[in-house]
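Visitor: Quick one, what's the 3D model for this:
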Amino acid sequence: MRVLVIDDEPDVVEIVRLTFNLRWPEAEVISASTGDEGVSSVERYSPEIVILDIGLPDIDGFEVCERIRHFSDVPVVMLTARHEEVDKVKGLEIGADDYVTKPFSHIELLARVRAVLRRSESQVPASEGPPFEAPPLRIDYASRDVTVDGKSIKLTPIEYGILYHLTRNENRVLTFRTLLAKVWGREYMDETDYLKVHIQHLRRKLGDDPQGEPMIVNERGVGYKFVRRVRPAARGSYV
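Guide: This is a model prediction of the structure:
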């Protein structure tokens with residue numbers, strides 16, 4: 001396993017190194033002390049996971065994460081000394097996979113890293129049977145191909161997991177905690193911000209307008225459900 005730590009504090013880098021080497025003795029831990037160096041290191045070394053501090057000497061971790069997301073889907077865990085909820089949400093919105101607040105323990109960091117690595121591999125098994133079709137959406141469960149109006153849509157493992165469980169339970173409300181447990185794991189059952197941010201990403205990719213007639217319906221205070229929408233007939237056609 002190759003790990004990239006982007007942090008300008010040597011003590012933090014060493015804690016991360018020890019954490020990985022205790023669990024994965026063969027892990028190769030590479031470090032970068034600036035944001036620019038970190039982005040270049042992702043391109044150069046192709047790490048399997050990135051541990052990224054928000055407070056860097058040149059550019060902040062949010063910008064680093066955005067730049068990484070332009071060319072890589074590598075899992076990113078952000079580190080910060082800030083406790084504000086808005087920072088966590090911002091990190092998730094720009095593409096981070098998880099968030100750890102300093103100071104942290106080996107156990108906490110390891111738990112978060114293992115969960116992120118687990119999610120980076122599809123938790124949804126390929127399924128036999130016919131594709132799911134709810135125009136304009138089509139899902140081939142066997143190949144995990146998702147198309148909208150015939151155009152292929154690239155989803156992250158988390159986004160696909162959410163869509164899979166919603167469409168497999170069409171018209172049935174899945175509670176926030178149920179979806180979090182199925183997609184993230186039981187240890188994330190109370191992290192509703194994670195779910196809300198990824199639902200926004202999924203809707204954007206599917207062209208699903210929550211202000212109109214959405215396919216992904218928010219049952220306020222409860223959860224989400226998938227509802228197929230009947231597309232209006234073209235003008236001049238007869239049904």
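Visitor: Now tell me which helix or strand of this protein has the poorest mean pLDDT.
Guide: Using mean pLDDT, DSSP states H and E, helix 85-93 stands out as the lowest-scoring helix or strand of the chain, at a mean of 80.
Visitor: Buried residues, stretch 49-68. List them.
Guide: Within stretch 49-68, the residues that count as buried by 16 or more other Cβ atoms under 10 Å are 49-54, 56, 61-65, 67-68. Every C-beta, even on glycine, is put in place using the N, C-alpha and C of the backbone.
Visitor: Which two among these are spaced furthest apart?
Guide: Every pair in these was compared (Cβ to Cβ); the two farthest apart turn out to be Ile49 and Glu63, at 19.4 Å.
Visitor: can I get the buried residues of stretch 49-68 in CSV with pLDDT, secondary structure and distance to His198?
Guide: What follows is the buried residues of stretch 49-68, written out as CSV (pLDDT from 0 to 100; DSSP: H, G, I helix; E, B strand; the rest coil; distance: Cβ to Cβ, whole Å):
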residue, pLDDT, secondary structure, distance to His198
Ile49, 95, strand, 18
Val50, 98, strand, 19
Ile51, 97, strand, 21
Leu52, 97, strand, 19
Asp53, 95, strand, 23
Ile54, 93, coil, 20
Leu56, 95, coil, 25
Gly61, 94, helix, 19
Phe62, 95, helix, 17
Glu63, 96, helix, 21
Val64, 97, helix, 20
Cys65, 95, helix, 15
Arg67, 95, helix, 21
Ile68, 95, helix, 18
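Visitor: Take these and lay them out in TSV including distance to Lys102.
Guide: Shown next, in TSV, are these (distance: Cβ to Cβ, whole Å):
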residue	distance to Lys102
Ile49	18
Val50	17
Ile51	12
Leu52	13
Asp53	8
Ile54	10
Leu56	14
Gly61	12
Phe62	16
Glu63	19
Val64	17
Cys65	17
Arg67	23
Ile68	21
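Visitor: burial measure for Arg186, as a count.
Guide: Other residues near Arg186 come to 9 when the count uses other Cβ atoms under 10 Å.
Visitor: So for stretch 137-150, what gets flagged as buried?
Guide: Under the neighbour-count criterion of 16+ other Cβ under 10 Å, stretch 137-150 has 137-139, 141, 144, 146 buried.
Visitor: then it to PDB, C-alphas only?
Guide: As requested, C-alpha coordinates have been extracted for stretch 137-150 and formatted as PDB (Å, rounded to 0.1, in the frame of the first residue of the first chain):
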ATOM      1  CA  LEU A 137     -32.300   6.500 -15.900                       C
ATOM      2  CA  ARG A 138     -31.000   3.100 -16.700                       C
ATOM      3  CA  ILE A 139     -28.900   0.900 -14.400                       C
ATOM      4  CA  ASP A 140     -27.200  -2.300 -15.500                       C
ATOM      5  CA  TYR A 141     -26.700  -4.000 -12.100                       C
ATOM      6  CA  ALA A 142     -24.500  -6.700 -13.600                       C
ATOM      7  CA  SER A 143     -21.900  -4.200 -15.000                       C
ATOM      8  CA  ARG A 144     -22.700  -1.300 -12.700                       C
ATOM      9  CA  ASP A 145     -23.200   0.900 -15.800                       C
ATOM     10  CA  VAL A 146     -25.500   3.900 -15.200                       C
ATOM     11  CA  THR A 147     -26.800   6.000 -18.100                       C
ATOM     12  CA  VAL A 148     -29.100   9.000 -18.300                       C
ATOM     13  CA  ASP A 149     -30.800   9.600 -21.700                       C
ATOM     14  CA  GLY A 150     -28.300   7.100 -23.100                       C
END
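Visitor: quick one on the thing from earlier: tell me the strands beside the helix or strand following the least confident helix or strand of the chain, with direction?
Guide: Toward the C-terminal end, the helix or strand that comes next after helix 85-93 (DSSP states H and E) is strand 98-101. In the sheet, strand 98-101 lines up against strand 76-80 (parallel) (DSSP bridges).
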